[in-house]
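predicted model and sequence follow; I will ask about them next.
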Amino acid sequence: MDSTIPRTKLEYYDDMWKLQSKTTLISSSKGDDGRFVLILLSTIFHPQGGGQPADTGFITTALDDSNCKFIVQDVRSKDGIVYHYGVLEEDSGGDFLEKGREVLLHVDECRRKLNSRLHSAGHLLDGCLLNVGLGYLQPGKAYHFPDGPFVEYKGTVPQNELQTKQKELEVEANALISTGGKVSAAILPYEEASALCGGHLPDYIPKGSTPRIVKLGNFPGCPCGGTHVSDISEIVSMKVSQIRTKKGMTKVFYTVGSCEDVALPVN
């Protein structure tokens, strides 16, 4: 890739509930699978990563009289550049892919809403652990995809406590969801971010950097690049379906309730 291509500005970092935006096409190319790859000056599409699936949606030209449409099927990020993979809708002209063209981005609201709720629910479980006596578990990886979301922790729960803790976690999570609480995200200086996260940050975050910190209600913040709900209550409900502990690791599997009546905030 051309080294002169700038890092993509991540608009969802500043506004996690933004579904439409305008930007400039930096480059386009065609891959071996026949799909096009677009690089934009900025994006509201969240790329797959951090345990969260990619946004989907479409991109159109900014011209009011154009029917050109690019269907975004997948989004990935590498070295600070976001790649939008997809296909042109039938009858969309090739000139739509010209460098420098102004385009409009449209994120699929239902998918964004579900991904944000699942991701937020995973973070909420981190806080619930403290309240049910499992605060000794250390965060590991997380999977916030709809086909089977879970969070994994270093440390084990005694076998005879698994069912009890599963019920306690579910009760605690739903009590917090019922109460609600503001969710915020901000890019902060290292020391300020560390203080917000309980006095320390993970080793993978370089000292002197400016990490993005997400905070759910009154819980300590945590470094995260994903999208989230604006209030804990938007998770609607949570079911802790299983806790599994094996080889020094514990997995907590969960699902979230139906969200037909939940709308993203109006900007």
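Received, thanks.

flag the shaky bits of the stretch 1-150 of the chain, pLDDT-wise.
Scanning the stretch 1-150 of the chain for pLDDT under 70 picks out the ranges 1-3, 64-66, 91-95.

which residues in it form helices?
For the stretch 1-150 of the chain, applying DSSP state H, counting those that start in this stretch gives helices covering 11-14, 109-131.

to I59, which of the ones you listed lies closest?
Using Cβ to Cβ as the measure, helix 11-14 is the one of these that comes nearest I59, at 13.7 Å. Quick note: C-beta positions are derived from backbone N, CA and C, even for glycine.

figure out how far the closest one is from the centre of its chain.
11 Å (Cα atoms, centre = their mean, to the nearest Å).

what helices and strands are in contact with it?
Under the contact definition 3 or more Cβ pairs under 8 Å, 6 or more residues apart in numbering; DSSP states H and E, helix 11-14 sits against strand 42-43.

and the strand it packs on, what does it pack onto?
Using 3+ Cβ pairs under 8 Å, 6+ apart as the test, strand 42-43 ends up in contact with strand 9-10, helix 11-14, strand 20-30.

and these as TSV, adding mean neighbour count and distance to M249?
Formatted as TSV, the helices and strands packed on strand 42-43 follow (neighbours: other Cβ atoms under 10 Å; distance: least, Cβ to Cβ, whole Å):
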stretch	mean neighbour count	distance to M249
strand 9-10	17	31
helix 11-14	17	31
strand 20-30	15	40
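
domains in this protein, by residue range?
9-107, 112-256 (the TED database).

next one: the shortest one to chain centre, how far?
Spelled out, it's domain 9-107. The answer for domain 9-107 is 17 Å, by Cα atoms, centre = their mean.

dig out what the residue nearest to A173 when sequence neighbours are not counted forms beta bridges with.
Take A173 and drop its neighbours on the chain: the residue closest to it by Cβ to Cβ, 6 or more residues apart in numbering is M238, 4.5 Å away. Note on M238: beta-bridge partners by DSSP bridges are V256.
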